[in-house]
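Asker: Fold the following, please.
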Amino acid sequence: MEEERTLSLVDVLEEDEELEEEASAVLAGSDSDHCSYPQGYVKRQALYACSSCTPKGGEAAGVCLACSYKSFRCDCGNRKFMELQCKLFP
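Answerer: Residues are numbered from 1 along each chain as shown. Below is the predicted model of the structure:
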């Protein structure tokens, strides 16, 4: 039978801080609550590419917020998504 691992409050807080630093490094200055479209092209942000949002034969489009990419503006709401409109930034 395995022994339970005992952690101190300091251990928990240090691990939490490490996780927050890692998330900050991956997500850069991305905001999960607000669309980046009004900001135009931003230096770095997390983004998604949605294969089901892009119409067949249409140009691939990106949506703001986990992989970092430089000089990218969210495509949500522009011609790449045709009739689809941004749900976060109307």
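Asker: Against which helices or strands is the strand ranked longest in the chain packed?
Answerer: Secondary structure of the chain read by DSSP state E shows that its longest strand is strand 42-49. Strand 42-49 sits against strand 62-64, strand 67-72, with contacts defined as 3 or more Cβ pairs under 8 Å, 6 or more residues apart in numbering; DSSP states H and E. For every residue, glycine as well, the C-beta is placed using N, CA and C.
Asker: Compute the distance between residue 38 and residue 31, please.
Answerer: Applying Cβ to Cβ, to the nearest Å, the value for residue 38 to residue 31 is 11 Å.
Asker: Neighbour count: the two, which is higher?
Answerer: Shown here are residue 38 and residue 31; by other Cβ atoms under 10 Å, residue 31 has more neighbours (14 against 10).
Asker: Just to be sure, that one is in a strand?
Answerer: No: Residue 31 is assigned coil when assessed by DSSP: H, G, I helix; E, B strand; the rest coil, not a strand.
Asker: Where does the prediction get shaky in the protein?
Answerer: For the chain, the stretches flagged by pLDDT under 70 are 27-29, 32, 50-55, 65-72, 88-90.
Asker: mind redoing it with 50?
Answerer: Counting by pLDDT under 50, the chain contains low-confidence ranges at 66-69.
Asker: Helix or strand for residue 17, just tell me which one.
Answerer: helix 9-27 (DSSP states H and E).
Asker: what angle separates that helix from strand 42-49?
Answerer: Computed by axes from the mean of the first three to the mean of the last three Cα atoms, to 10 degrees, the angle separating helix 9-27 from strand 42-49 equals 90 degrees.
Asker: With just CA atoms, put helix 9-27 into CSV.
Answerer: Provided in CSV are the C-alpha atoms of helix 9-27 (Å, rounded to 0.1, in the frame of the first residue of the first chain):
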residue,chain,number,x,y,z
LEU,A,9,0.8,25.1,2.6
VAL,A,10,4.1,26.5,1.3
ASP,A,11,4.4,23.6,-1.1
VAL,A,12,0.9,24.2,-2.4
LEU,A,13,1.5,27.9,-2.8
GLU,A,14,4.8,27.4,-4.7
GLU,A,15,3.2,24.8,-7.0
ASP,A,16,0.3,27.2,-7.7
GLU,A,17,2.7,30.0,-8.5
GLU,A,18,4.6,27.8,-10.9
LEU,A,19,1.4,26.9,-12.7
GLU,A,20,0.4,30.5,-12.9
GLU,A,21,3.8,31.5,-14.4
GLU,A,22,3.5,28.7,-16.9
ALA,A,23,0.0,29.7,-18.0
SER,A,24,1.2,33.3,-18.3
ALA,A,25,4.1,32.3,-20.5
VAL,A,26,1.8,30.3,-22.8
LEU,A,27,-1.1,32.8,-22.9
